[in-house]
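Chemist: here you go, sequence then predicted model.
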Amino acid sequence: RKEVEQDPGPFNVPEGATVAFNCTYSNSASQSFFWYRQDCRKEPKLLMSVYSSGNEDGRFTAQLNRASQYISLLIRDSKLSDSATYLCVVTKSGGSYIPTFGRGTSLIVHP
Amino acid sequence: GAVVSQHPSWVICKSGTSVKIECRSLDFQATTMFWYRQFPKQSLMLMATSNEGSKATYEQGVEKDKFLINHASLTLSTLTVTSAHPEDSSFYICSARVLAENIQYFGAGTRLSVL
């Protein structure tokens, strides 16, 4: 089993739709969780950190479920500009902070 | 967010030559930087962790003699692809961790094409 797994998609949705991605992780001792966004042929950019209490930033909501070892990202009112690959990142516990990336979920928002 | 500068952004070279890629943290000090490689339509793969003042830690399957990493200062790490071959053509990205935030920021990446 891979350390961090994501459904690669693509998720093809119309503008205005609500879409949700999940990401599962295998290491129960994982410490920190993030969602990054990567546009084609560009570097990943931090979208949001994920906390146990959940967090929201505008149209984006992230949740962490430690018991089931997954994190989720919900995008409401999708825009064309949301089209990108969304990467789940999990860091191991301990001082070394080694980040592990999921392979990413591709989102395509169409008119 | 913090700024990480990576240079060059694009390299085309002949097979057998060596290519050096620089990664700089512009507004913070980074004791640890990471080097990734990404092939088309694939995920980021961690190649090595660069530690300031000490040897880099390479991931399994990454040849340390082929991918030389130097982290001589708190703001600069370099990756040298030695004797590059066409199969080394890829997108190489560095990142640096901001300790206080526990977040890593990425350089813009270097697209390497070996002819």
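Modeler: On my side now, so go ahead.
Chemist: C-alpha from now on. contacts and neighbour counts both.
Modeler: OK.
Chemist: please report phi then psi for whichever residue of chain B sits closest to chain A.
Modeler: At 4.2 Å from chain A, residue B:43 is the closest residue in chain B, using CA to the nearest CA. Main-chain torsions, residue B:43, degrees, to the nearest 10: phi -80, psi 170.
Chemist: can you give me the pLDDT of it?
Modeler: pLDDT recorded at residue B:43 is 83.
Chemist: could you do residue A:29 as well?
Modeler: 80.
Chemist: neighbours of it, how many?
Modeler: 13 (other CA atoms under 10 Å in any protein chain shown).
Chemist: next one: it from residue A:69, what distance?
Modeler: 10 Å (CA to CA, to the nearest Å).
Chemist: flag every buried residue along the lengthiest strand in chain B.
Modeler: Looking across chain B with DSSP state E, the single longest strand is strand B:90-98. Neighbour counts over strand B:90-98 (16 or more other CA atoms under 10 Å in any protein chain shown) mark B:90, B:91, B:92, B:93, B:94, B:95, B:96, B:97, B:98 as buried.
Chemist: can you tell me which residues in chain A are near chain B?
Modeler: A:42, A:43, A:44, A:45, A:46, A:100, A:101, A:102, A:103, A:104 (CA under 8 Å from any CA of the partner chain).
Chemist: how many residues are close by the second one?
Modeler: Other residues near residue A:43 number 22, with proximity taken as other CA under 10 Å.
Chemist: before we move on, what about the first one?
Modeler: Counted with other CA under 10 Å, the burial measure for residue A:42 works out to 15 neighbours.
Chemist: mind listing what it touches?
Modeler: B:108, B:109 (CA atoms under 8 Å, 6 or more residues apart in numbering or on different chains).
Chemist: who's in contact with residue A:17?
Modeler: Contacts of residue A:17 by CA under 8 Å, 6+ apart are A:76, A:77, A:78.
Chemist: pLDDT weak spots in chain B?
Modeler: Counting by pLDDT under 70, chain B has low-confidence residues at B:1.
Chemist: does the spatially most central residue of it sit in a helix or strand, and which one?
Modeler: Nearest to the mean C-alpha position of chain B, by CA atoms, centre = their mean, lies residue B:35 at 3.6 Å. Element membership of residue B:35 [criterion: DSSP states H and E] is strand B:32-38.
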